[in-house]
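[1] dropping a prediction and its sequence here:
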Amino acid sequence: MLGTCQLFGANGALASRRRLQSGRQGLQIRQNCNPQGKCSILTPAVSEDLSQPVRLDAGDPAGGSQASKEGRFSFGKTLFGLDADTLAALMVEAGEPAWRGSQIAEAVYRQRITNLSEITTLPKPLRQRLAAEGWEVGRPTIAQVFQSADGTERYLVQGQSGEGLTVETVWMPEGDDGETGDGSDPEVVDGAARRWQRATLCISSQVGCAVNCQFCLTAKLGFQRNLSAGEIAGQVLAVLDRHGVEVGRDRVNLVFMGMGEPFLNYDNFMAAVRLLVREVGLSPQRMTVSTSGIVPGIERFAQEPAELRPKLAISLNAPNNAIRGEIMPINRKWPIEAVIDAVRKVQLRPRERITFEYVLLGGVTDRPEDAREVARLVRRSGLPAKVNLIAWNPGPGIGYSLPQPEAVEAFRQTLADGGIATYVRKPRGRDIYAACGQLKRTMEG
Ligand code: SAH
Ligand code: SF4
């Protein structure tokens, strides 16, 4: 009987998922810009007492959320988010052959069926029994859509925890020139009449973020909770469905650059990548994960097998530790050199490059001397690298200035003259708060 088995009984699914998605980073930093607890070159973006330690151990050992650990929410018995092996074990526990698990995986990940009763490869009595036991597909759903004049769409996606929090996902038809960064032309898709030739999907890994970068709107939410693997992968499938994307035919890039710090939710993030690669069929070479520089996370990432590892982007954002420490407090825990040393451990695939993201803050990080210093820093790292420049996207209550377009171009030119492949990321969806660093869970338009 499904309901009585030890592993997958009423609480068993959650227990199983917790084991699959467990992990803790256990990291702490102190934010002491100066004795007054104020950063000198910026308007504080947050009102919290900067002298207090900020916990970065957002990785919940239970894998679900702090909230679920406290018993306030439950993920229920959701099939979506379980990998084929776990689904097979679930079926065996139910007295069914293990291959029924593959049938469920095929249905929910490849055919993208969201309703248990529609998985017709399973015998009807089994579907009914699963439903009676409280099982459902439980894939995250799009709760609200914001459309930008430039075609970008921002979604509020309802997760699996049932607690009403939504996360943000962004669809950028034609990308933003940052995801491939190789300047390649868009691919033409045979026979398909579409408004886009390639698209980029920006995925969230946490609700809010603990890292507190001073220029980022998501930081203002603080850390709310980790997303489960199903909630991370579910964002992708919900949006692929909305746009009728056919995996294997259409060119879609995934960037894990939405809300949150993926490497502070490492296990769930990587479990989602494995689902997307193995079960959904997406290529990890079309995926890029961006980190603010969580060194233990980068070191774990370096151990991942190439066939499951996305490409890596590092949010450099400043020419030196002094400025980086001011705008990214995390730098005081892991300075630039420590991050670069960790990145060196990643075995790159042929022609693969590390991306350095660099947010241009008017008058703070966009000066000619900054550009020269960045060029030296990237060259000295010896890494095969490219730089993605991002003009700062403004947000309410964040006291920075936009860089002048001439400053952006001059910065790009200096890096290019220094022999560094440099791309300027197009701001997409600024009017709907969908651009980098503008993601903040909100119901306003
Ligand atoms: N937490 C991860 C990934 C999400 S942020 C990280 O920080 O890398 C994705 C990118 O957006 C990062 O490179 C970050 O530096 C950048 N970003 C954050 N806020 C921004 C803003 N207001 N304008 C432009 N880019 C921003
Ligand atoms: Fe978090 Fe990234 Fe925003 Fe920094 S830039 S606060 S790490 S989401």
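    Structure received. Numbering: from 1, shown residues only. Ligands and ions are numbered 1, 2, ... in the order given.
[2] which strands or helices does the host helix or strand of Asn253 pack on?
    Taking DSSP states H and E as the definition, Asn253 sits inside strand 251-256. Contacts defined by 3 or more C-beta pairs under 8 Å, 6 or more residues apart in numbering; DSSP states H and E place strand 251-256 against strand 198-202, helix 229-242, strand 287-291. Backbone N, C-alpha and C define where each C-beta goes, glycine included.
[3] partners of it, with directions?
    Next to strand 251-256 in the sheet, as set by DSSP bridges, lie strand 198-202 (parallel), strand 287-291 (parallel).
[4] and it with helix 229-242, angle?
    Angle, strand 251-256 to helix 229-242, by axes from the mean of the first three to the mean of the last three C-alpha atoms, to 10 degrees: 150 degrees.
[5] and for the residue lying closest to Glu307 once chain neighbours are set aside, the neighbour number?
    The shortest distance from Glu307 to any non-neighbouring residue, by C-beta to C-beta, 6 or more residues apart in numbering, is to Pro284 (6.9 Å). By the criterion of other C-beta atoms under 10 Å, Pro284 has 21 neighbours.
[6] residues contacting Pro284?
    Applying C-beta atoms under 8 Å, 6 or more residues apart in numbering, we find Pro284 in contact with 273, 277, 307-311.
[7] tell me the contacts of the residue most central in space within the chain?
    In the chain, the residue lying closest to the centroid (C-alpha atoms, centre = their mean) is Phe256, at 2.8 Å. Neighbouring residues of Phe256 by C-beta under 8 Å, 6+ apart: 203, 205, 232, 262, 269, 287-290, 310.
[8] among these, which are in reach of ligand 1?
    Near ligand 1, judged by C-beta under 6 Å from any ligand atom, the entries from the contacts of Phe256 are Ser290.
[9] re the thing from before, which of the contacts of Pro284 are buried?
    Among the contacts of Pro284, those classed as buried by 16 or more other C-beta atoms under 10 Å are 273, 277, 309-311.
[10] and the pLDDT at Gln235?
    Per-residue pLDDT puts Gln235 at 97.
[11] whoops, I mixed them up, Ser148
    We have a pLDDT of 89 for Ser148.
[12] and Leu221, by the same measure?
    For Leu221, the predicted pLDDT is 89.
[13] where does the closest residue to it other than its chain neighbours fall, phi/psi-wise?
    What sits nearest to Leu221 in space, not counting adjacent residues and going by C-beta to C-beta, 6+ apart, is Gly208, at 3.6 Å. Gly208 adopts backbone torsions of phi 80, psi -170, taken as degrees, to the nearest 10.
[14] tell me how many other residues crowd Gly208.
    22.
[15] so how far is ligand 1 from it?
    Taking C-beta to the nearest ligand atom, to the nearest Å as the measure, Gly208 falls 11 Å from ligand 1.
[16] who in the chain is up against ligand 2?
    Within the chain, the positions lying close to ligand 2 (C-beta under 6 Å from any ligand atom) are 209, 211-213, 216, 218-219, 260-261, 292, 315, 437.
[17] ok, residues contacting the strand or helix carrying Arg380?
    Counting by DSSP H and E, the element that carries Arg380 is helix 368-381. Helix 368-381 is contacted from outside by 316, 318-320, 323, 336, 340, 343, 356, 358, 385, 387, 410-411, 414-415, 417-420, using C-beta under 8 Å, 6+ apart.
[18] thinking again about what came up before, any chance of JSON lines for the strands paired with strand 251-256, columns distance to Val364, mean pLDDT and mean neighbour count?
    Shown next, in JSON lines, are the strands paired with strand 251-256 (distance: least, C-beta to C-beta, whole Å; pLDDT from 0 to 100; neighbours: other C-beta atoms under 10 Å):
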{"stretch": "strand 198-202", "distance to Val364": "25", "mean pLDDT": "93", "mean neighbour count": "25"}
{"stretch": "strand 287-291", "distance to Val364": "20", "mean pLDDT": "98", "mean neighbour count": "24"}
